[in-house]
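Student: 3D, please:
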Amino acid sequence: MSKPEHVIITIDGPAGTGKSTTARLLASRLGLEFLDTGAMYRAAAVVALDRGVDFGDGPGVARAVQQAVLRFDWTADPPRLLITSPHERDITERLRDADITLGSSIVARSTEVRAVLVEQQRRIAVAHPRLVSEGRDQGSVVFPDAAVKFFLDASPEARAQRRADQLRSAGQQVDEARLLREIIERDAADRNRETGPLIIPDDAIVVDTTDLSHDQVLAHLEHHVRQRLPALRRGVGG
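Tutor: A predicted model of the protein is given here:
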């Protein structure tokens with residue numbers, strides 16, 4: 001059985017459900033590439049700050065992103081994200097800074113910014129047609145014909161605890177009550193925005209990760225993919 005030339009697997013869900021790590025590891029297990037679309041919205045916030053564009057100026061941020069030209073370096077694992085204009089610069093480490101986290105939540109609400117990045121994500125899929133793509137609208141908007149769609153969820157309390165653990169491990173001070181409040185506010189904003197709202201696609205497999213370990217979540221998703229896509233069975237495509 002030959003491995004399929006075009007395979008798109010989407011993983012959507014709210015912040016703090018472990019989408020990025022799960023998507024990267026699932027892609028590795030299946031012999032696919034990994035597209036971190038959340039990083040692209042964070043990159044849009046970096047571009048806006050660099051060029052002095054207000055996060056709330058959607059058309060302005062969208063134009064700046066088009067001018068900056070984002071590019072993934074697919075030779076790295078996970079891929080690095082670069083701005084290529086006016087000078088090529090690796091911004092991967094900058095993406096997780098607190099000001100960028102705040103900015104990305106604002107620029108992601110913009111219809112204009114989402115239109116630019118959705119178009120870029122689809123072009124990436126043409127060049128890299130064997131992908132695990134994670135985000136908040138991958139199965140519902142960007143790749144509605146994806147072969148397998150997942151929606152990861154967890155209670156806000158569990159997600160806040162995971163984020164607190166991450167910050168503590170990085171040596172940072174943590175206000176857990178504030179983290180929980182921010183997660184609840186981000187969920188409401190993502191679900192109620194006009195463009196690309198966070199929804200569960202009708203044909204998505206919903207996985208509640210609240211009481212699951214990371215390894216359990218990964219194994220669960222891999223099982224579903226291999227059941228649905230026999231050509232990706234271990235030893236053939238993986």
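
Student: Which stretches in this structure count as helices?
Tutor: Read by DSSP state H, the chain holds these helices, from start to end of the chain: 19-30, 37-50, 58-68, 98-107, 111-127, 156-169, 176-192, 214-228.

Student: Surely Met40 is in contact with Leu81?
Tutor: Yes - in this structure, Met40 sits in contact with Leu81. The criterion is Cβ atoms under 8 Å, and the distance is 7.4 Å. Placement of C-beta: from N, CA and C, glycine included.

Student: Overlap of the contact sets of these two?
Tutor: Between them, Met40 and Leu81 have Leu70 as joint contacts when contacts are counted by Cβ atoms under 8 Å, 6 or more residues apart in numbering.

Student: what's in contact with stretch 90-106?
Tutor: Stretch 90-106 is touched from outside by 38-39, 41-46, 48-49, 55-56, 73, 80-83, 186, 189, with contacts defined as Cβ under 8 Å, 6+ apart.

Student: who's in contact with Glu134?
Tutor: When contacts are counted by Cβ under 8 Å, 6+ apart, Glu134 touches 10-12, 19-20, 22-23, 34-38.

Student: Would you list the buried entries among the residues you listed?
Tutor: In these, burial by neighbour count holds for 10-12, 19-20, 22-23, 34-38, counting by 16 or more other Cβ atoms under 10 Å.

Student: where does this structure dip in pLDDT?
Tutor: Scanning the chain with the threshold set as pLDDT under 70 gives 1-4, 233-238.

Student: What sits closest to Gly56 if chain neighbours are left out?
Tutor: Spatially, and ignoring its direct neighbours in sequence, Gly56 is nearest to Ile106 (6.0 Å; Cβ to Cβ, 6 or more residues apart in numbering).

Student: Check the gap between that neighbour and Val174 for me.
Tutor: Relative to Val174, Ile106 is positioned 23 Å away (criterion: Cβ to Cβ, to the nearest Å).

Student: which of these two has more neighbours?
Tutor: Neighbours were counted for Ile106 and for Val174 using other Cβ atoms under 10 Å; Ile106 has more, 20 against 15.

Student: wait, Leu70 sits on Gln120?
Tutor: Yes - between Leu70 and Gln120 there is a contact under Cβ under 8 Å: 6.7 Å.

Student: Now do the shared contacts for these two.
Tutor: With the criterion set as Cβ under 8 Å, 6+ apart, the overlap between the contacts of Leu70 and Gln120 is Met40.

Student: Stretch 73-84: how far from the chain's middle?
Tutor: On the basis of Cα atoms, centre = their mean, to the nearest Å, stretch 73-84 is displaced by 15 Å from the centre of the chain it belongs to.

Student: circling back to that earlier point, out of the contacts of stretch 90-106, which end up buried?
Tutor: Applying 16+ other Cβ under 10 Å to the contacts of stretch 90-106, the neighbour count classes 38-39, 41-46, 48-49, 55, 80-83, 186 as buried.

Student: can you tell me how far Thr111 sits from Pro59?
Tutor: Summarising the geometry, the distance separating Thr111 from Pro59, computed by Cβ to Cβ, is 9 Å.
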